[in-house]
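Participant: quick check, what structure comes out for this input:
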Amino acid sequence: MAKSAKTRKSPARKKAPAEDLDFVLHSLQEAHEKSPKYDASDEEMLHFYEQMLLIRRFEEKAGQLYGLGLIGGFCHLYIGQEAVAIGLQSALDNDRDSVITGYRDHGHMLAYGIDPKVIMAELTGRQAGISKGKGGSMHMFSTEHKFYGGHGIVGAQVALGGGLALAHQYNEDGGLCLAYFGDGAANQGQVYETMNMASLWQLPIVFVVENNQYAMGTSTARSSAETEFYRRGTAFRIPGMDVNGMDVLEVRGAAEIAFRHVREGNGPVLIECNTYRYRGHSMSDPAKYRTREEVQDYRDTKDPIEGLKKVLIEKGKSEDELKAIDKDIRKTVSEAADFAENSPEPEPGELYTDVLVGEY
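Facilitator: You can find the predicted model right below:
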């Protein structure tokens with residue numbers, strides 16, 4: 001005869017999160033709704049604008065280079081989703097925290113302040129690239145910046161992010177891991193295995209669902225029984241937050257609340273950033289599963305860059321000042337493309353380096 005749950009419990013062990021009756025799953029959402037937007041200074045807002053515009057112009061140029069055959073393989077652009085990476089990563093401590101994401105990774109690297117030249121060189125498979133030209137669009141990496149990829153296996157980065165969070169906890173370095181994944185990856189089993197362990201061990205990790213509505217080409221309504229992804233952590237006692245991923249100030253506001261919660265030792269948080277990609281899943285995707293009118297509506301009424309531009313103009317910035325910023329960024333991106341095109345390809349011997357951590 002099976003023992004009851006009561007007789008199985010050990011009175012000596014530490015109380016598990018699931019037994020904490022005071023735990024409130026919706027507390028962070030309530031805090032976010034009370035103060036949804038980050039109170040940014042004029043300088044901070046201008047910086048957010050510049051960073052989002054850099055991602056936009058960089059990705060547009062990457063699309064052009066792909067069309068010319070200078071970028072091979074797959075290429076997943078971040079156009080439309082800029083507010084997510086900028087809003088979240090602007091709140092990180094770059095000396096302690098780590099970031100990991102899937103294969104739509106160019107924007108996250110730019111958000112970290114990494115040189116556009118080495119990112120573009122990686123896209124074009126050049127030796128000067130941040131992964132020495134061997135990673136390409138999908139597998140960028142920089143231990144110097146605590147950016148751990150760029151991963152091609154859907155959802156795999158979440159489990160690796162759990163490992164990064166465990167390392168932060170083990171080393172007692174005060175850092176947290178920011179682990180991005182998409183609405184498509186949200187249905188992967190390894191995501192929930194990681195959530196379970198992260199909650200059980202109270203790991204310092206923020207799970208971020210970049211819900212761009214269509215995964216690889218199927219709408220969330222057709223692929224997911226629960227389309228409110230911020231609720232997906234409920235079974236594991238992980239509080240969720242529902243955030244407008246098209247508003248950089250709202251994303252940054254949510255980051256402030258979530259990161260504080262994690263740094264205070266309260267375990268993981270799940271943030272759903274509702275966003276929208278303007279291009280197809282990859283450059284080879286014509287995106288015929290949605291209408292042109294739908295995409296245009298997002299561009300016209302919800303664009304993260306145009307939205308912040310309106311705020312900046314209201315605060316006294318002129319159209320000419322913002323046009324000058326755009327001109328400078330276009331020049332930076334053009335120089336990055338020229339640098340990449342003129343950089344040499346890796347030597348054949350490079351194929352045998354970085355295969356293993358040590359030499360055997």
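Participant: need the contact list for H47.
Facilitator: S90 (Cβ atoms under 8 Å, 6 or more residues apart in numbering). For every residue, glycine as well, the C-beta is placed using N, CA and C.
Participant: check it and give its pLDDT.
Facilitator: According to the model's per-residue confidence, H47 sits at a pLDDT of 97.
Participant: for it, helix, strand, or coil?
Facilitator: When the structure is reduced to helix, strand and coil (DSSP: H, G, I helix; E, B strand; the rest coil), H47 reads as helix.
Participant: low-confidence stretches in the chain?
Facilitator: Per-residue confidence for the chain (pLDDT under 70) gives these ranges: 1-22, 359-360.
Participant: which residues in it form strands?
Facilitator: Under the criterion DSSP state E, the chain carries strands at the ranges 98-100, 177-182, 205-211, 240-244, 269-274.
Participant: run a quick neighbour tally on I119.
Facilitator: 24 (other Cβ atoms under 10 Å).
Participant: how many residues are close by the nearest residue to it once chain neighbours are set aside?
Facilitator: Distances taken as Cβ to Cβ, 6 or more residues apart in numbering put M109 closest to I119, at 5.4 Å, once the chain neighbours are dropped. A count of nearby residues for M109, using other Cβ under 10 Å, gives 27.
Participant: ok, now which ones touch M109?
Facilitator: Residues I119, I130, M140, S142, H145, F147 are the ones in contact with M109 under the rule Cβ under 8 Å, 6+ apart.
Participant: would you mind putting the strands of the chain into CSV with mean neighbour count and distance to A255 alongside?
Facilitator: Rendered in CSV, the data for the strands of the chain read as follows (neighbours: other Cβ atoms under 10 Å; distance: least, Cβ to Cβ, whole Å):
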stretch, mean neighbour count, distance to A255
strand 98-100, 27, 12
strand 177-182, 27, 9
strand 205-211, 29, 8
strand 240-244, 24, 9
strand 269-274, 26, 8
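Participant: are any of the contacts of M109 buried, and if so which?
Facilitator: Of all these considered here, the ones buried according to neighbour count by 16 or more other Cβ atoms under 10 Å are I119, I130, M140, S142, F147.
Participant: quick check: closest non-adjacent residue to the last one.
Facilitator: Pointing back at F147 there. If you skip the residues right next to it in sequence, F147 has V99 as its closest partner in space, 5.2 Å away by Cβ to Cβ, 6+ apart.
Participant: same deal with the third one?
Facilitator: Using Cβ to Cβ, 6+ apart and skipping the chain neighbours, the partner closest in space to M140 is G150 (4.2 Å).
Participant: distance to L351 added to the contacts of M109, as a markdown table?
Facilitator: Compiled in a markdown table, the contacts of M109 are given as follows (distance: Cβ to Cβ, whole Å):
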| residue | distance to L351 |
| --- | --- |
| I119 | 22 |
| I130 | 18 |
| M140 | 18 |
| S142 | 21 |
| H145 | 25 |
| F147 | 23 |
